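Undergrad: model this:
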Amino acid sequence: MPTPAAASVPRPFLLACPDLSAERSGNTDTPGVWHFDSGAPGRHVMLSALIHGNELCGAWALKEALAAGLRPRRGSLTLAFCNLAAFDRFDPANYAPARFVDEDMNRVWSGDKLDTPSSQERRRAAELRPWVERADWLLDFHSMSNSDVPLQLTGMQQRNIDLALELGNPGTIIADAGHAAGVRMRDYGRFGAAGENGTRSLLIECGFHGAPEARDVAVDQMARFLAAAGAVDRGDLPASWFAPDAPAQRALRVTHAIAAKSADFRFAQPWKGLETLAKAGTLIGWSEGEPVVTPYDDCVLIMPSTANLRPGVTVVRLAQPIA
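TA: Take a look at the predicted model:
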């Protein structure tokens, strides 16, 4: 077997950690949750950050919204700082352990797990559950351990793919079915149902966890999403929140999610993500010594990472363009 590529040295974390001492109190009975009702008809819009405690870009966006006194013109707006217990563990010199306390909070959004309070993340998700269930439109902020290129993860529903194209940013849209390890918030309940039911849910991967630019992506996405939802008019928001539109957008559909069988998984190259491997059978890496190869021509690698390597964890997704 060829020698696996050496493990990469963790990248420096340059994005400052926000002070959330004021924001974490919230203005509801749920710590970290802020809710504003316009009193006018409209959608219930929810913005969620810190599902993972080391993904700070969304917290910066919500903090900026609160500092600006943002209020909905129509409907209601919920801002949620989610996994505060994990965030409190954050250390820029060793940021991976702050992803969660007991288990990944973005794999617990199913009734069986939410009804079983066996972890810090499940108990916190159960507190947030009523806010998620009342939301019509949901934008969940995340960041990545490798890639600098923002990705809009829509799920498989056409209504979300259409919204991602309508937003005009970022340039790459990923339609994916989620993770074998559990359901994400973005796919919970009505958000994961097929057909047109009035909901929209997007998960924006804003770039590398520690890149200051990820904060700018989060603010831009927040602004675009709120305007598209009709919660505000575009003119209600600072012009500086909006980045230029992407020169072009492309949509990719995930066909395979490669999960580690054990901690013995290695990539053949230091993939960054969005590489297009031209030929079927191209080596991606090894799982327990067995080669993992591309199943078709022009296969695109999505978010390759061994940063959270454990049995059952997705290490890379494989995608092809949506015709």
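Undergrad: how about the contacts made by His256?
TA: 295, 317-318 (Cβ atoms under 8 Å, 6 or more residues apart in numbering). To be clear about C-beta, it is placed using only N, CA and C from the backbone, and glycine gets the same treatment.
Undergrad: show me which of these are buried.
TA: Using 16 or more other Cβ atoms under 10 Å as the burial test, those include 317-318 as buried.
Undergrad: so which of the contacts of His256 comes closest to Arg71?
TA: Arg317 (37.7 Å; Cβ to Cβ).
Undergrad: is that closest one in contact with Ser305, as I believe?
TA: No. Checked against Cβ atoms under 8 Å, the pair Arg317 and Ser305 is beyond contact range at 10.4 Å.
Undergrad: sorry, back to before: could you dump the contacts of His256 into CSV with secondary structure, pLDDT and distance to Phe87 added?
TA: Converted to CSV, these look like this (DSSP: H, G, I helix; E, B strand; the rest coil; pLDDT from 0 to 100; distance: Cβ to Cβ, whole Å):
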residue, secondary structure, pLDDT, distance to Phe87
Pro295, coil, 97, 38
Arg317, strand, 92, 26
Leu318, strand, 97, 32
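Undergrad: which of the contacts of His256 lies closest to Phe100?
TA: Arg317 (20.4 Å).
Undergrad: bridging residues for that closest one?
TA: Ala257, Ile302 (DSSP bridges).
Undergrad: how much space between it and Ser145?
TA: As judged by Cβ to Cβ, to the nearest Å, Arg317 and Ser145 stand 14 Å apart.
Undergrad: how about Gly26?
TA: 29 Å.
Undergrad: just the strands from the protein, written as ranges.
TA: Remark: strands assigned in the chain by DSSP state E are 33-37, 44-49, 76-81, 137-144, 151-153, 172-175, 200-208, 250-259, 265-267, 276-277, 283-287, 290-293, 299-302, 314-321.
Undergrad: what separation do you get for the closest residue in space to Ala61 that isn't next to it in sequence and Cys299?
TA: Closest residue to Ala61 apart from its sequence neighbours, by Cβ to Cβ, 6 or more residues apart in numbering: Ala218 at 3.9 Å. Distance of Ala218 to Cys299, computed by Cβ to Cβ: 29 Å.
Undergrad: which one's more surrounded, these two?
TA: Ala218 (29 against 23; other Cβ atoms under 10 Å).
Undergrad: what's the pLDDT at the more buried one?
TA: Ala218 carries a pLDDT score of 98 in this model.
Undergrad: likewise for Gly155?
TA: 93.
Undergrad: low-confidence ranges in the stretch 101-250 of the chain?
TA: By pLDDT under 70, the stretch 101-250 of the chain has no low-scoring segment.
Undergrad: quick one, helices of it?
TA: For the stretch 101-250 of the chain, the helices defined by DSSP state H, counting those that start in this stretch occupy 111-114, 120-134, 158-167, 212-229.
Undergrad: so which of those comes closest to His179?
TA: With Cβ to Cβ as the measure, helix 111-114 is the member of these nearest His179 (12.8 Å).
Undergrad: report the distance from that closest one to the chain centre.
TA: Relative to the chain's own centre, helix 111-114 is displaced by 20 Å; criterion: Cα atoms, centre = their mean, to the nearest Å.
Undergrad: return it as CSV; C-alpha atoms alone will do.
TA: As requested, the backbone C-alpha atoms of helix 111-114 are provided in CSV (Å, rounded to 0.1, in the frame of the first residue of the first chain):
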residue,chain,number,x,y,z
GLY,A,111,-37.2,12.7,18.3
ASP,A,112,-35.5,9.6,19.8
LYS,A,113,-32.3,11.6,20.6
LEU,A,114,-34.0,14.8,21.7
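Undergrad: so what touches it?
TA: With Cβ under 8 Å, 6+ apart, helix 111-114 has contacts from 107-108, 122, 125-126, 129, 182-183.
Undergrad: can you rerun that using 7 Å?
TA: 108, 122, 125-126, 129, 182 (Cβ atoms under 7 Å, 6 or more residues apart in numbering).
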